[in-house]
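1. Structure, please.
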Amino acid sequence: METLANLESFIRSAECGSFSEAGRRLSLTPAAVSRNVAMLERNLGVRLFHRSTRRLTLTEAGETFRTAIAGHLEGLQAAIAGASTGREEPAGVLKISLPPTFGTAHILPLLPGFLARYPQVRPEWHFENRQVDLVGEGYDAAIGGGFELLPGLVSRTLAPAHIIAVASPVYMSERTSPTKPDELAALDGIVMRSLQTGRIRHWSMRDVSGREVQAPLSESIVVNDPAAMREAALLGLGVAMLATADILPALENGSLLRLVPRWYCDAGAISIYHASRKLVPAKTRAFVDWVADAFKKNRLAERFAGSLS
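-> A predicted model of the protein is given here:
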């Protein structure tokens, strides 16, 4: 009977057209993927790929075999994961995608306790500002806001993703504090240009009653990274619209002041995403539960809520 590693290597190589890309998704070397596929071909007695220096292409037999097993591979993976979860501790590489600022501030500090509880788990955490392809890129889970919930994924909400207006005490010391969002236009704005669209993001703000008012910041300083916006605000260069989660320590220690309290921008939710298998691997389930429990214990959903003053 073929090993799951051989079948996974074949399917990913067929999807990618490359042993190198398949290896990246499976956290294997290209040579290991090639060996797994060669073993599969030898055991089946057929050639599955036409190989060239540029790309792999399926043979007729390879396409027939891929069609026959593709719909069953996830079920095999789930069955294997399910068979182990009842009798073994979570183990293996835990590949996670996290936003850099949020992940470093709120998720990374949970790692020592998690590893003490589950010492057989080996973290591979990628800090990146993008929506990853969980299944295609081999991630066990991802944390972030604004992800498109694609078929085959499930999400668990952790906290609201609220944006608020902030500035440093030094910057505001000789200025009149605005009382409404449209008054922010009179101050120096620190804004961000999106790497994806090339446009500068402007926001409308709402209050608890549901009223919405435009908050047009001037474009005094333009950057392309939220962490740079935060640092510029801390340096006293102007007003920035930032996620409460990314500036919570600065708000709590007073190095940033919240302007127009009770007004906020609603950017959705911060959630944790993973593949919607019937039997989630033990390492993934343990991580999701650990993070959710920590958010509840530390009241982070309430502390991130821009709707509260």
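2. quick one: low-confidence parts of this protein?
-> Along the chain, segments meeting pLDDT under 70 span 1-3, 71-88, 277-279, 307-309.
3. Tell me where it has strands.
-> Per DSSP state E, the chain carries strands over the ranges 49-51, 56-58, 92-98, 121-127, 141-145, 153-167, 189-192, 203-206, 212-215, 221-223, 239-243, 257-258, 265-275.
4. Which one, of these, ends up nearest to residue 18?
-> Each of those has some distance to residue 18 by Cβ to Cβ; the shortest is strand 56-58, at 6.3 Å. C-beta here means a position set from N, CA and C on the backbone, and glycine is covered the same way.
5. And the contacts of that closest one?
-> 13, 14, 17, 18, 19, 48, 49, 50, 66 (Cβ atoms under 8 Å, 6 or more residues apart in numbering).
6. Among those, which one is most surrounded by other residues?
-> The member of the contacts of strand 56-58 that has the most neighbours, counting by other Cβ atoms under 10 Å, is residue 13 with 28 neighbours.
7. So that residue is in contact with residue 41, correct?
-> No - if you go by Cβ atoms under 8 Å, residue 13 and residue 41 don't touch, sitting 11.3 Å apart.
8. what residues are shared contacts of the two?
-> residue 49.
9. sorry, back to before: redo the strands of the chain as JSON lines? Include distance to residue 113.
-> What follows is the strands of the chain, written out as JSON lines (distance: least, Cβ to Cβ, whole Å):
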{"stretch": "strand 49-51", "distance to residue 113": "45"}
{"stretch": "strand 56-58", "distance to residue 113": "43"}
{"stretch": "strand 92-98", "distance to residue 113": "14"}
{"stretch": "strand 121-127", "distance to residue 113": "12"}
{"stretch": "strand 141-145", "distance to residue 113": "17"}
{"stretch": "strand 153-167", "distance to residue 113": "17"}
{"stretch": "strand 189-192", "distance to residue 113": "33"}
{"stretch": "strand 203-206", "distance to residue 113": "36"}
{"stretch": "strand 212-215", "distance to residue 113": "39"}
{"stretch": "strand 221-223", "distance to residue 113": "34"}
{"stretch": "strand 239-243", "distance to residue 113": "24"}
{"stretch": "strand 257-258", "distance to residue 113": "31"}
{"stretch": "strand 265-275", "distance to residue 113": "17"}
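10. which one of these lies closest to residue 250?
-> strand 153-167 (7.7 Å).
11. What strands line up against the closest one, and which way round?
-> Using DSSP bridges, strand 153-167 pairs in its sheet with strand 239-243 (antiparallel), strand 257-258 (antiparallel), strand 265-275 (antiparallel).
12. Give me the angle between that strand and strand 141-145.
-> Relative orientation of strand 153-167 versus strand 141-145 (axes from the mean of the first three to the mean of the last three Cα atoms, to 10 degrees): 40 degrees.
13. With only the CA atoms kept, save strand 153-167 in CSV.
-> Taking Å, rounded to 0.1, in the frame of the first residue of the first chain, the C-alpha atoms of strand 153-167 are listed here in CSV:
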residue,chain,number,x,y,z
LEU,A,153,-12.0,27.0,5.3
VAL,A,154,-13.6,27.8,8.7
SER,A,155,-12.9,30.7,10.9
ARG,A,156,-13.2,31.4,14.7
THR,A,157,-13.6,35.0,15.7
LEU,A,158,-11.1,36.2,18.3
ALA,A,159,-11.8,40.0,18.6
PRO,A,160,-13.1,43.0,16.6
ALA,A,161,-10.8,44.7,14.1
HIS,A,162,-11.5,48.3,15.0
ILE,A,163,-9.5,51.3,13.8
ILE,A,164,-9.1,54.5,15.9
ALA,A,165,-7.5,57.9,15.6
VAL,A,166,-4.4,58.4,17.7
ALA,A,167,-1.6,60.9,18.3
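14. how far does it sit from the chain's center?
-> 12 Å (Cα atoms, centre = their mean, to the nearest Å).
15. most tightly surrounded among the strands of the chain?
-> Mean neighbours per residue, mean count of other Cβ atoms under 10 Å, is largest over the strands of the chain for strand 239-243, with a mean of 26.
16. now, among the contacts of strand 56-58, which is nearest to residue 149?
-> For these, the closest approach to residue 149 (Cβ to Cβ) belongs to residue 14, at 26.3 Å.
17. Now do the contacts for that closest one.
-> 49, 56, 58, 62, 66.
18. redo that, cut-off 6 Å
-> The contact partners of residue 14, taken as Cβ atoms under 6 Å, 6 or more residues apart in numbering, are 58, 66.
19. any idea how far it lies from residue 22?
-> Taking Cβ to Cβ, to the nearest Å as the measure, residue 14 falls 8 Å from residue 22.
20. Also residue 7?
-> In terms of Cβ to Cβ, residue 7 sits 12 Å off from residue 22.
21. between those two, who's got more neighbours?
-> Higher neighbour count among residue 7 and residue 22: residue 22, with 27 against 20, using other Cβ under 10 Å.
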